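Undergrad: 3D, please:
(2 chains)
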2 protein chains.
Amino acid sequence: MKLVPPPAARVGDALSAVATPSLLIDLDAFDANLAAMAAFVARNGVALRPHAKAHKSSAIARRQIEAGAAGVCCQKLSEAYPFAAAGVESIHISNEFVGADKVAMAVELAAHVRLSVCADAIPQVEALGAAALRAGVKIDVLAEVDAGQRRCGVTSEDALLSLADAIAAQPALRFAGIQAYHGGAQHIADWQARKTEAGRAADRAAHFVRTLEARGIQSAIVTGGGTGTVEFDVASGVYTEVQPGSYVFMDGDYGSLAYDGELQWRHSLFVLSTIMSAARPGMAVCDVGLKGLAVDSGLPRSVHWLDAADEPVLTYSAANDEHGMLNAKGAPHDDTSALLGKRILLPPGHCDPTVNLYDEYVCYRGEQVVDIWSIDARGLSR
Amino acid sequence: MKLVPPPAARVGDALSAVATPSLLIDLDAFDANLAAMAAFVARNGVALRPHAKAHKSSAIARRQIEAGAAGVCCQKLSEAYPFAAAGVESIHISNEFVGADKVAMAVELAAHVRLSVCADAIPQVEALGAAALRAGVKIDVLAEVDAGQRRCGVTSEDALLSLADAIAAQPALRFAGIQAYHGGAQHIADWQARKTEAGRAADRAAHFVRTLEARGIQSAIVTGGGTGTVEFDVASGVYTEVQPGSYVFMDGDYGSLAYDGELQWRHSLFVLSTIMSAARPGMAVCDVGLKGLAVDSGLPRSVHWLDAADEPVLTYSAANDEHGMLNAKGAPHDDTSALLGKRILLPPGHCDPTVNLYDEYVCYRGEQVVDIWSIDARGLSR
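TA: As a prediction, this is how the structure comes out:
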């Protein structure tokens, strides 16, 4: 007999029967987010290459591509494998990588998909070019420029031109343009301040594009942007392609930003949890903590009852490894023992690392499980 | 052709050839920790039931049991499955659980192993007892008491006695004793203050044991304790069994505590990472962030070079999803470009949730990979 835990849910189950903790997608909200972004970029003539690091699921990538996306971004080479295996034809590695193990993965992927990668250093380009030549594959390379993030990317015109020359010198590589991503700008809460910072990033990107043009080098692709700034990135006229990821889900952090423009997102991602202890007055303990909820961008900012209408308002106040502490202070609710076994929905503070803790999405509409999607790139961080 | 990422390492590889990020165990340090705890509890006549939530690996559980452990603790029922499947004969679920999905797992596990569980509420006991009776299995139940953690566990003598009566009333359940765990005490940095708080927890446990004795109920098992307090727990004479988990690895948080007693632990757990971008003066970027390092108990407190002797001292200053920011400020090291491709070892701030991000341990001695252990309970959080 094979001794493995039973599945958390099956298609057709009532939502109230799903085992906890589980990662849920509200498909009505998800579909609305998917459609809103697809329509927005189509209306504005910019390509959409959603970031798969947010969802890590080829089932979601397929839906994004069916809705018009040009392919996906991955942040890591190993992460790209399940998307390539699932038939995604165009994958951009929006990140630098160094080392023989990484180059070998890039060359293998390039034999199966149209692969583009980022570079910000000449040794990286030379190692990749040599391996691609040996393997007989072609790889598109984008020069990453620092658009204000102060993380990866070249910071000067000279460094950019030297990098472009190094790419051009490799017969198995093609210079494909630039990546200009400013992660910090994504999370500025004030809409106007976010717009201003996104504008600065676009200006920097445009400056680097002109630097290359002055040397006769065209940037076929200018890629960047994210969920927090996509409306400004698209309007800038600088980017040919945008890379939002979190828009399909939203999370506590992105949900706390102001969206004064035409784009509005719905929370579609929730962790379903059960109250498994309520032995102390005024509090309860649920069955999900650090191993089922990333807390780097804060604890869940709200707690929703799955099937109760008149229960107290709870605050998720602390995450232990496997426990979530819930405060239910207030006169009528000091005795919380009746909450034992009740279920709650928690919007994660940060979707990307929360998703990376689960093997599947339990997808529901209304009160019913309608699909199970594998998080097939879960844990693929190389 | 099956398109999957290549393995991170193979037995016999040089450590310098292991793909990154990977989770490493320094087996010399690990073995020393394993032996020190085994000898300590044996010398003091207390049973050791290590907590498998820390390592989530049946390969490690087997080594702990070979060294004398009485079995393992798991925090979740689904987590127990790979240990049961690997032949661990005695498993304690050191946590409450509620719901039909959970009860079904408990009953299934009890058909394969000697299972004990924790309870702090009568409805939980009644549901479990009914299901165990139907299934024809016996389950040991420990009443969890609050030893100062203010999380789970009954808080009064009356509640404890009612709970013990409810357990005794179920023909398929056996009252086996009490669990008294004080997680907060584990992490008090000062040795004397930690000793004092551990003593308070032991006093509370002893009080509840006497409460039961006064009613003629014997506690065959009194279980609790952890890596930070185990020396005090063992010396208290109250616990029949201790539950430390992190001692095999240590981590940044436990490593920052004072250990003035006879027990000293070595860091055996590291994340191996590569510097994949160094385009800005005074800093570098490595290939592991939130998806490979839990940061709830702080960033890595030190950065060790794998194969370099005269490189600058780095500080891990921020974790993005897939990037780690490294500061290398200092006159001779403003140009960090020569660091590109070099490898570093990072002791995680918190071992448990870091382990839960990986599928395997790459085990090494000296400079060579000598074993690969599956983290077979990774992600099993139900």
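
Undergrad: How about the contacts made by A:S78?
TA: A:M105, A:L380, A:S381, A:R382, B:P5 (CB atoms under 8 Å, 6 or more residues apart in numbering or on different chains). Every residue, glycine included, has its C-beta placed from N, CA and C.

Undergrad: neighbours around A:F175, how many?
TA: 25 (other CB atoms under 10 Å in any protein chain shown).

Undergrad: so it, which of the three states?
TA: strand (DSSP: H, G, I helix; E, B strand; the rest coil).

Undergrad: Around chain B, pick out the residues from the stretch 101-250 of chain A.
TA: Residues of the stretch 101-250 of chain A found near chain B (CB under 8 Å from any CB of the partner chain) are A:101-102, A:104-105, A:108, A:112, A:120-121, A:123-124, A:146, A:150-155, A:159, A:183.

Undergrad: mind listing what's buried in stretch A:158-177?
TA: A:159-164, A:166-167, A:170, A:172-177 (16 or more other CB atoms under 10 Å in any protein chain shown).

Undergrad: Identify all contacting residues around the helix ranked longest in chain A.
TA: Looking across chain A with DSSP state H, the single longest helix is helix A:191-214. The contact list for helix A:191-214, computed with CB under 8 Å, 6+ apart, reads A:143, A:145-148, A:157, A:160-161, A:164, A:178, A:180, A:182, A:184-186, A:188, A:218-219, A:222, A:224-225, A:228-229, A:232-233, A:236, A:238-239, A:257-261.

Undergrad: Take those and keep only those in strands.
TA: A:A143, A:I178, A:A180, A:V222, A:G224 (DSSP state E).

Undergrad: As TSV, these with pLDDT, distance to B:C363 and neighbour count would be great.
TA: Formatted as TSV, the ones in strands among the contacts of helix A:191-214 follow (pLDDT from 0 to 100; distance: CB to CB, whole Å; neighbours: other CB atoms under 10 Å in any protein chain shown):
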residue	pLDDT	distance to B:C363	neighbour count
A:A143	98	39	28
A:I178	98	42	30
A:A180	98	42	30
A:V222	98	45	26
A:G224	97	41	30
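
Undergrad: My read is that A:K76 contacts B:H323, right?
TA: No: with contact defined as CB atoms under 8 Å, A:K76 does not count as touching B:H323 (10.7 Å).

Undergrad: what do these two both touch?
TA: With CB under 8 Å, 6+ apart, A:K76 and B:H323 have common neighbours A:N95, B:D287.

Undergrad: Number of residues surrounding A:A258?
TA: Around A:A258 there are 12 residues (other CB under 10 Å).

Undergrad: right, and it touches A:A189 too?
TA: Yes: A:A258 is in contact with A:A189 according to CB under 8 Å; the separation is 6.2 Å.

Undergrad: wait, what's in contact with the residue nearest in space to the middle of chain A?
TA: Central residue of chain A (CA atoms, centre = their mean): A:A54, 1.9 Å from the mean position. By CB under 8 Å, 6+ apart, A:A54 lies in contact with A:G245, A:S246, A:V248, A:F249, A:C351, A:D352, A:V355.

Undergrad: do you know how far A:N95 is from A:V137?
TA: 19 Å (CB to CB, to the nearest Å).

Undergrad: typo on my end, it should be A:A80
TA: Taking CB to CB, one finds A:A80 at 14 Å from A:V137.

Undergrad: helix or strand for A:V370, which one?
TA: strand A:368-374 (DSSP states H and E).

Undergrad: can you give me the helices for the stretch 51-200 of chain A?
TA: A:58-66, A:77-85, A:100-110, A:122-135, A:157-168, A:183-186, A:191-214 (DSSP state H, counting those that start in this stretch).
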